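In: could you work out the structure for the sequence below:
(2 chains)
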Amino acid sequence: ELKVEQNPLFLSMQEGKNYTIYCNYSTTSDRLYWYRQDPGKSLESLFVLLSNGAVKQEGRLMASLDTKARLSTLHITAAVHDLSATYFCAVTSGTYKYIFGTGTRLKVLA
Amino acid sequence: DTAVSQTPKYLVTQMGNDKSIKCEQNLGHDTMYWYKQDSKKFLKIMFSYNNKELIINETVPNRFSPKSPDKAHLNLHINSLELGDSAVYFCASSLRDTWNTIYFGEGSWLTVV
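Out: Next up, the predicted model:
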């Protein structure tokens, strides 16, 4: 059974600092997705990574995928308060099943 | 123009009642899902339909019954509600074989008292 784990589960960081969230998954998959969820809101797609070595960047967030290590990272550069949210990675199992990670609750302190 | 819409957004009901949540998508997707998010924010897939056919049915009590009248709609009916059913239920949709992201509805907050 595919398992997706994220660490850390909770992250409190100062504005202006850099940090990385890790997403490990247990079985082979070529596709990985990152989502953001604000409190009380839905999940918003951030990145879709479709091949080994894929890297995508949007603003202060950069995501990468290493399918051999079964690892994806979400790097935050010079964090700002607006990035405070819960971040999920998700991996596909088979054709239809999107399995989500445990989530990382990020709080950026002013 | 809401892509994936769910109703109701909030639902407070007593134990033992039966309730339904409705979902509609206007993205032209052929696959729809129900996910449950618990109080710890864990997201678990419950069901998935592709073109009205049930393709994923996770270990969910049979009090939960999904129904897809057409590929744009997926409803969730819950019988004999229990306290542990309190959660946020998200509907989502995707297009098969494109490996694009799945799109989520706004969620339905169910509280069983």
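
In: does any part of stretch B:58-73 sit near chain A?
Out: No - Stretch B:58-73 stays out of contact with chain A when judged by Cβ under 8 Å from any Cβ of the partner chain, the minimum separation being 8.8 Å. Quick note: C-beta positions are derived from backbone N, CA and C, even for glycine.

In: tell me the mean pLDDT over that stretch?
Out: The average of the pLDDT scores along stretch B:58-73 is 93.

In: show me what counts as buried in that stretch.
Out: B:64, B:66, B:68, B:71-73 (16 or more other Cβ atoms under 10 Å in any protein chain shown).

In: among those residues, which are in strands?
Out: Of those, the ones assigned to strands by DSSP state E are B:64, B:66, B:68, B:73.

In: who's in contact with the nearest residue to B:Ile102 once chain neighbours are set aside?
Out: Leaving out its chain neighbours, the residue that sits closest to B:Ile102 by Cβ to Cβ, 6 or more residues apart in numbering or on different chains is B:Ser94, at 4.1 Å. Taking Cβ atoms under 8 Å, 6 or more residues apart in numbering or on different chains, we find B:Ser94 in contact with A:96, A:98, B:29, B:31, B:33, B:100-103.

In: which parts of chain A sit against chain B?
Out: Proximity of chain A to chain B (Cβ under 8 Å from any Cβ) is limited to residues A:31, A:33, A:35, A:37, A:41-45, A:48, A:50, A:86, A:88, A:92, A:95-100, A:102-103, A:105.

In: hmm, try it at 10 Å
Out: A:9, A:30-31, A:33-35, A:37, A:39-48, A:50, A:86, A:88, A:90, A:92-105 (Cβ under 10 Å from any Cβ of the partner chain).

In: ok, and the closest non-adjacent residue to B:Gln18?
Out: For the record, residue B:18 is Asp, not Gln. Take B:Asp18 and drop its neighbours on the chain: the residue closest to it by Cβ to Cβ, 6+ apart is B:Asn79, 4.9 Å away.

In: I figured that neighbour hits B:Asn17, correct?
Out: Yes - assessed by Cβ atoms under 10 Å, B:Asn79 is found in contact with B:Asn17 at 8.8 Å.

In: ok, what's across the strand from residue 48?
Out: If you meant another chain, say so; for now it's chain A. Counting by DSSP bridges, A:Val48 forms beta bridges with A:Tyr33.

In: other chain: chain B
Out: Beta bridges link B:Ser48 to B:Tyr33, B:Ile56, judged by DSSP bridges.

In: residues contacting it?
Out: Residues near B:Ser48 by Cβ atoms under 10 Å, 6 or more residues apart in numbering or on different chains: A:95-98, B:31-35, B:54-58, B:66, B:68, B:74, B:92-94, B:102.

In: repeat for A:Gly53
Out: A:64-68.

In: give the buried subset of these as a ChimeraX selection command.
Out: Selecting the buried subset of the contacts of A:Gly53 in ChimeraX, with 16+ other Cβ under 10 Å as the burial test, is done by:
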select /A:64,65,67
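
In: can you tell me which of the contacts of A:Gly53 end up in strands?
Out: Under the assignment DSSP E, the contacts of A:Gly53 contribute A:64-66 to strands.

In: take the residues you listed and write them to a markdown table, including pLDDT.
Out: Below are the ones in strands among the contacts of A:Gly53 laid out as a markdown table (pLDDT from 0 to 100):
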| residue | pLDDT |
| --- | --- |
| A:Ser64 | 97 |
| A:Leu65 | 95 |
| A:Asp66 | 94 |
